[in-house]
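Engineer: Please work out how this folds:
(one chain, ligands or ions: 1)
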Amino acid sequence: MLPLVYSPAYVTPLPDGHRFPMPKFGILRDLLIERGVASETQFHCPEIGSFEFIASVHDPAYVRSFFDGTIDRDAIRKIGLPWSEGLVTRTRTAVAGTLLTCELALTHGLACNTAGGTHHAHRGWGSGFCIFNDIAVAARTLLDRGSVGHVLIIDLDVHHGDGTATIFYGDDRVFTFSMHCDKNFPARKPPSDLDVPLDKGVGDGEYLDTLRKHLPRLLERVEPDLVIYDAGVDVHRDDRLGYLALTDNGLYDRDKDVIEQCRSHGIPTACVIGGGYDKDHTRLAWRHATIHRAATDVWQQAASTV
Ligand SMILES: [Zn+2]
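Structural biologist: Model prediction:
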């Protein structure tokens, strides 16, 4: 069965009415079970990430200041989440969860986290609800271990993957690909290895055509040992922060396309959920479940053809 990753530590309380939809991670896990996408036995639970693990990418002074709560107010304001012990545990566990998802993908070919994709975290600072860059820490850890030689990051969150781009700038072992809405956060977009900016209002047809133009070439050119796929759902037409116009079907087709392409090239694929913003947390969580539904369908198709 398709390996999935979740920890109860993924959810920690935020002040009432906070813009960040923290409950979505727990709701997502529950919906996957309640609506028959997954069973309890498919879930793997990560440990809490250590200081050394996170400092393999991030400035040790920044990591220490976040761990012990001495991080300054400006840095916290830029992140946009109030500091708490629970937030520290949540963040450390989510980073470890993405590494676990990658390890499961390397063993089983495909795996999905129920969190992750904090791509606005840079080496020495966080922004846009992102504290540590789980994608970068997971990739760096596997490269340092020698488990992989090349990693391709496919970042289809509606926002540019600026933190991932700066962390891996000049590192030939990691290819960063970001397809995003151009007129959206962050204002400054440092170069990824491939950036594909889209205009506001782009819908299913143009979006999928553009993706299909780039992805096969990229997989052949990079020949990665692992793909980490950020399946942000803030490209959806009902997203509060997105400005693109994908439908439910467009989102499903996107996710299935990415996974099928990677699979047809024999590349292990680890999926993280990325961003998504909606006041209705159940509707939002179910939108995030698109990646788990698409991955399950590809997994079952593959199983039935063996
Ligand atoms: Zn986003």
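
Engineer: count of neighbours near the closest residue to Y10 other than its chain neighbours?
Structural biologist: Once flanking residues are discounted, Y10 sits nearest to F25: 4.1 Å by C-beta to C-beta, 6 or more residues apart in numbering. Quick note: C-beta positions are derived from backbone N, CA and C, even for glycine. For F25, the count of nearby residues is 27 (other C-beta atoms under 10 Å).

Engineer: Please, where are all the strands along the protein?
Structural biologist: With DSSP state E as the criterion, the chain has strands at 4-5, 43-44, 110-113, 151-155, 174-181, 194-198, 226-230, 269-272.

Engineer: OK, contacts around L142?
Structural biologist: Listed by C-beta atoms under 8 Å, 6 or more residues apart in numbering, the contact partners of L142 are L99, C102, E103, L106, V148, V151, L226.

Engineer: Please report how far it lies from F53.
Structural biologist: For L142, the distance to F53 equals 12 Å [C-beta to C-beta, to the nearest Å].

Engineer: okay, and the common contacts of these two?
Structural biologist: Counting by C-beta under 8 Å, 6+ apart, the contacts common to L142 and F53 are L99.

Engineer: quick one on the thing from earlier: in the contacts of L142, find the pair that's most separated.
Structural biologist: Farthest pair in the contacts of L142 (C-beta to C-beta) is E103 and V151. Separation: 13.1 Å.

Engineer: In terms of neighbours, single out the busier of the two.
Structural biologist: Using other C-beta under 10 Å as the criterion, E103 and V151 rank with V151 on top: 26 against 23.

Engineer: can I get the strands of the chain in JSON lines with distance to K213 and mean pLDDT?
Structural biologist: Shown next, in JSON lines, are these (distance: least, C-beta to C-beta, whole Å; pLDDT from 0 to 100):
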{"stretch": "strand 4-5", "distance to K213": "31", "mean pLDDT": "98"}
{"stretch": "strand 43-44", "distance to K213": "35", "mean pLDDT": "98"}
{"stretch": "strand 110-113", "distance to K213": "24", "mean pLDDT": "98"}
{"stretch": "strand 151-155", "distance to K213": "14", "mean pLDDT": "98"}
{"stretch": "strand 174-181", "distance to K213": "10", "mean pLDDT": "98"}
{"stretch": "strand 194-198", "distance to K213": "9", "mean pLDDT": "98"}
{"stretch": "strand 226-230", "distance to K213": "18", "mean pLDDT": "98"}
{"stretch": "strand 269-272", "distance to K213": "20", "mean pLDDT": "98"}
